[in-house]
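> here's a sequence, model it:
(one chain, ligands or ions: 1)
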Amino acid sequence: MSAVLKIPKFFHKHFVNVEDLSKKDIENILSLTQTLESMSRKSKNFIAENKIIANLFFEPSTRTRLSFESAAYSLGAKVLTVAEPNTSSISKGETIEDTIKVVSNYCDLIVMRSSNDLPLQASAVSDVPVINAGSGTLKHPTQALTDLYAVKKKFNKLSNLNIAFVGDLKHSRAVNSLALAFSKFSNNNFFFISPEELKLSSAVFKKVKEKSNVSQLDSFNKILPELDIIYLTRLQRERFKNFKKFEKAYVLNSNSLKNVKKNLIIMHPLPRTNEIPVSLDKSKHSYYFEQAACGVPVREALLTLLLKQKKSV
Ligand code: CP
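Presented below is the predicted three-dimensional model:
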């Protein structure tokens with residue numbers, strides 16, 4: 001494998017939290033991502049030949065689950081999928097520990113999403129690597145890497161940027177994870193824009209503040225002209241009841257984009273609701289579909305690293 005593909009060192013058996021990665025780990029993953037993205041499917045489908053990936057999704061997903069599946073197939077692996085929690089024996093009361101002890105005998109790597117920290121529990125008992133595909137309101141580490149890769153592709157750097165995170169920051173695991181990952185890179189200014197009730201986790205805010213310039217605001221209008229990136233996120237209606245009053249709080253429109261930098265990009269982990277109208281999709285600033293496309297090569301890189309590390313960690 002390494003004769004044709006240079007695989008960086010990666011000393012993690014599992015990947016459940018973006019905070020476990022060093023800046024060097026992130027740089028290595030993004031570099032491998034770039035290499036894999038430049039390769040045809042045919043030229044990389046030996047990497048995970050004869051491997052089996054189990055996707056256990058106990059919460060809905062389009063991008064994360066299907067990009068992991070696409071990545072696995074591109075690398076030559078086969079995929080087992082639980083995409084509906086009610087079809088697994090967890091719905092009969094089986095513990096996550098028992099589930100993982102069994103499933104880890106059926107596969108070489110487990111990808112897992114849940115509404116709580118099941119991926120962390122799974123990693124404690126799993127003989128095969130576990131990747132967190134989104135858990136609770138704080139952790140979405142593979143989305144954070146996808147977003148960093150998308151930013152690097154656009155700006156060719158991850159430093160000296162002005163970034164606004166906008167919307168329901170309290171419940172957005174994409175924003176919480178990306179802010180932590182981004183704070184490993186220097187001289188960035190982060191603006192966290194939300195209603196008081198939907199502020200970023202105070203623990204995450206504190207950690208980001210230790211390394212970066214941060215501000216908390218309730219409107220993006222005044223700072224729009226300074227921004228390189230505006231990262232919107234939807235109201236997570238499934239996680240709290242009184243969301244209705246916030247529905248129109250942060251909606252971009254063409255007027256919002258009148259005085260922005262020419263290279264401003266609009267990012268969003270998707271799915272969107274009403275915060276970015278479809279009419280903005282053709283704007284030169286819109287970048288969220290390109291961002292989503294980055295999910296496949298990033299997940300290819302993660303599968304490559306963790307499958308390769310399996311025996312040596
Ligand atoms: N961004 C993201 O996690 O999307 P899905 O919920 O569709 O996987």
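> show me what contacts residue 274?
Counting by C-beta atoms under 8 Å, 6 or more residues apart in numbering, residue 274 makes contact with 247-248, 251. Placement of C-beta: from N, CA and C, glycine included.
> now those residues in TSV, with distance to the ligand, neighbour count and secondary structure?
Below are these laid out as TSV (distance: C-beta to the nearest ligand atom, whole Å; neighbours: other C-beta atoms under 10 Å; DSSP: H, G, I helix; E, B strand; the rest coil):
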residue	distance to the ligand	neighbour count	secondary structure
247	20	13	coil
248	23	9	coil
251	20	14	coil
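> now render those residues as CSV, adding pLDDT.
As requested, the contacts of residue 274 are exported to CSV (pLDDT from 0 to 100):
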residue, pLDDT
247, 75
248, 77
251, 91
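> what's the closest of the residues you listed to residue 201?
Among the contacts of residue 274, residue 247 lies closest to residue 201 (C-beta to C-beta), at 22.2 Å.
> now do the same contact list for the closest one.
235, 273-274.
> one more time with 7 Å
Counting by C-beta atoms under 7 Å, 6 or more residues apart in numbering, residue 247 touches 235, 274.
> same question for the one 10 residues further on.
Contacts for residue 257 were tallied using C-beta under 7 Å, 6+ apart; they are 283, 285.
> please save the CA atoms from the helix or strand harbouring residue 206 in CSV.
If you go by DSSP states H and E, residue 206 is part of helix 202-211. The C-alpha trace of helix 202-211 is given here as CSV (Å, rounded to 0.1, in the frame of the first residue of the first chain):
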residue,chain,number,x,y,z
SER,A,202,-19.6,27.7,27.5
ALA,A,203,-16.9,24.9,27.9
VAL,A,204,-16.2,25.0,24.2
PHE,A,205,-16.2,28.8,24.1
LYS,A,206,-13.7,28.9,27.0
LYS,A,207,-11.4,26.4,25.2
VAL,A,208,-11.5,28.3,21.9
LYS,A,209,-10.9,31.6,23.7
GLU,A,210,-7.7,30.3,25.2
LYS,A,211,-6.2,30.1,21.7
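> C-terminal to it, what's the next element?
Downstream of helix 202-211, the first helix or strand assigned by DSSP H and E is strand 213-217.
> coming back round to it: nearest to residue 162, of the contacts of residue 274?
When these are compared for distance to residue 162 (C-beta to C-beta), residue 251 comes out closest, at 20.9 Å.
> what does this structure put close to the ligand?
61-64, 134, 143, 269-271 (C-beta under 6 Å from any ligand atom).
> how far does the helix or strand where residue 56 lies sit from the chain's center?
Assessed by DSSP H and E, residue 56 sits inside strand 52-57. Distance, stretch centre to chain centre, for strand 52-57: 17 Å (C-alpha atoms, centre = their mean, to the nearest Å).
> ok, and what's touching stretch 90-101?
58, 85, 110, 118, 121-122, 125-126.
> narrow these to those in strands?
Secondary structure from DSSP state E places residue 110 of these in strands.
> so which of the contacts of stretch 90-101 sits lowest on pLDDT?
In terms of pLDDT, residue 85 ranks lowest among those, with 80.
> let me see the contact set for it.
58, 91.
> same question for residue 125.
Here residue 125 is in contact with 97, 100-101 (C-beta under 7 Å, 6+ apart).
> residue 52: which of those is nearest?
Nearest to residue 52 among these, counting by C-beta to C-beta, is residue 100 at 14.8 Å.
> distance check, that closest one against residue 173.
With the distance defined as C-beta to C-beta, to the nearest Å, residue 100 ends up 21 Å from residue 173.
> same check, this time on residue 125
23 Å.
> I'd say residue 152 and residue 29 touch.
No - using C-beta atoms under 7 Å, residue 152 is not in contact with residue 29; the gap is 10.9 Å.
> which one's more surrounded, those two?
When residue 152 and residue 29 are compared for neighbours, residue 29 comes out ahead with 23 against 19, by other C-beta atoms under 10 Å.
> please give the element, helix or strand, for that one.
helix 23-38.
> please compute how far that helix lies from its chain's middle.
Distance of helix 23-38 from the chain centroid (C-alpha atoms, centre = their mean) equals 15 Å.
> same check, this time on stretch 69-82
For stretch 69-82, the distance to the chain centre is 18 Å (C-alpha atoms, centre = their mean).
> excluding chain neighbours, give the residue nearest to the residue of the stretch 151-300 of the chain found nearest the ligand in space.
Of all residues in the stretch 151-300 of the chain, residue 269 sits closest to the ligand, at 3.9 Å by C-beta to the nearest ligand atom. Spatially, and ignoring its direct neighbours in sequence, residue 269 is nearest to residue 174 (3.8 Å; C-beta to C-beta, 6 or more residues apart in numbering).
> relative to residue 234, how far out is that neighbour?
For residue 174 relative to residue 234 (C-beta to C-beta), the value is 10 Å.
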